[in-house]
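# Provided below for reference: sequence and predicted model.
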Amino acid sequence: MTRPIEALISLANLRHNFAQARDLSPAAKIMAVVKANAYGHGAIHVAGALTPLADAFGVASLEEAVELREAGIASPIVLLSGVFGREQIHEVARYDLATVIHSAEQLQLLLDTPLRRPLDVWLKLDSGMHRLGFQASEFCRAAQRLRAAKQVAKLVFISHLACADQPAQSLNATQLATFRRSLEQLNVRNDEALSLANSAALLTRPDMHFDWVRPGVMLYGVNPLIDREPLAAAPALRPVMTLRSRIISIQTVSAGEGVGYGETWRAAENSRIAVVAAGYGDGYPRHAVNGCPVLINGQLAPLAGRVSMDLLSVDISAIPDATVGDVVTLWGEGLPVETIARYSETIAYELLTGLNQRVKFTYV
């Protein structure tokens, strides 16, 4: 028997969440973002499940795109961070990819590189996030140069939102206005397209949907909004990953005794402590605090003591029927990963992408 920690990936839930994105923006094309190994879920399996549905896939690097191509994924793939050197432009053409251009350096690399066939290019505007993209004063000139370039087939104009997870934030309106103003100066052509909405804007801002929407974390069942309440009336997202393990030992701890490294948890009364085969060596957050919940036999139980490399301890005093071998859900079905993130002072994205090779992945 192998070590019991496992990530169960529901491709049915993935397709359900994609359908919610489609229902929210039926007129737009959908780029399913599968960067960072599909947010830790397995890019090849995720792209394979969504290939009949998605209009394109978004990745962060050439290496991520090549992995999909070599696995037989033939759908359009966009490099969201663009290329990192001249040699990569030839690889983009070789593998029939599209690329973002977000800087003068990338633009010049493309224009200086003869290609056998033109590329689809996504030109990025910095509308206010101040991370990647051309400033508004440079954006129109960059677009005109690309329009005239033999290396370019189709153009999409793109920007990224800094605070879409906070729908009331004033920067959202400012970025939309900057995007619209830059596009008005361009006089966008019929064969050109626009893209602004990420997961959060897809859920909350129909005025930002334009021609392409780019759902990422919502596809994996995570609410992208800082305030979860605005999604109450929206279609329910379903968790795609359920991380689970099993109880491998049960200890009886007397009142006043401590558990784990540093004895950061002490029993207020005689307690039953379950030891679970999961730890930060698997990607479970070491900084999860005492009280962070797990799910055992349909009941929540709190962490008791520090998470160690291979093990964590849980107070099961309130679950008298819990026994060695019982399944322990660490996050996923019945226990949102966002909850674990809050107890760990991090975000769901980090937890999902942080699992490592010790965790077995099972696709259903």
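Perfect, thanks for sending it.
# list the buried residues in the top strand by length along the chain.
Ordering each strand of the chain by length in residues (DSSP state E) puts strand 241-253 first. Under the neighbour-count criterion of 16 or more other Cβ atoms under 10 Å, strand 241-253 has 241-248, 253 buried. All C-beta spots, glycine's among them, are computed from the backbone N, C-alpha and C.
# same deal with stretch 207-226?
Applying 16+ other Cβ under 10 Å to stretch 207-226 flags 208-210, 212-225 as buried.
# and what of stretch 170-189?
In terms of neighbour count (16+ other Cβ under 10 Å), stretch 170-189 has its buried residues at 171-172, 175-176, 178-179, 182-183, 186, 188.
# same check, this time on stretch 28-37
Residues of stretch 28-37 classed as buried by neighbour count (16+ other Cβ under 10 Å): 28-37.
# ok, stretch 150-159 next?
Neighbour count says stretch 150-159 has 151-152, 155-159 buried, by 16+ other Cβ under 10 Å.
# also stretch 200-207?
200-205.
# and stretch 188-200, by the same measure?
Residues of stretch 188-200 classed as buried: 188, 192-200 (neighbour count, 16+ other Cβ under 10 Å).
# out of those, flag the one nearest to residue 352.
Nearest to residue 352 among the buried residues of stretch 188-200: residue 199, at 13.3 Å, using Cβ to Cβ.
# list the helices and strands the lengthiest helix in the chain packs on?
If you go by DSSP state H, the chain has its longest helix at helix 170-186. Using 3 or more Cβ pairs under 8 Å, 6 or more residues apart in numbering; DSSP states H and E, the elements in contact with helix 170-186 are strand 119-125, helix 136-147, strand 152-159.
# nearest to residue 348, out of those?
Here strand 152-159 is closest among the helices and strands packed on helix 170-186 (Cβ to Cβ), at 24.0 Å.
# what angle do the closest one and helix 136-147 make?
Angle of strand 152-159 versus helix 136-147, following axes from the mean of the first three to the mean of the last three Cα atoms, to 10 degrees, is 160 degrees.
# roughly how far does residue 204 sit from residue 168?
Applying Cβ to Cβ, to the nearest Å, the value for residue 204 to residue 168 is 10 Å.
# could I get the full set of helices for the stretch 201-350 of the chain?
Listed in chain order, the helices of the stretch 201-350 of the chain (DSSP state H, counting those that start in this stretch) span 337-343, 348-353.
# and the last one, which residues are buried?
Judged by neighbour count (16+ other Cβ under 10 Å), helix 348-353 contains these buried residues: 348-349, 351-352.
# parallel or antiparallel, which strands does the next helix or strand after that helix pair with?
Remark: after helix 348-353, the chain's next helix or strand is strand 360-363, criterion DSSP states H and E. Strand pairing for strand 360-363, using DSSP bridges, gives strand 6-9 (parallel).
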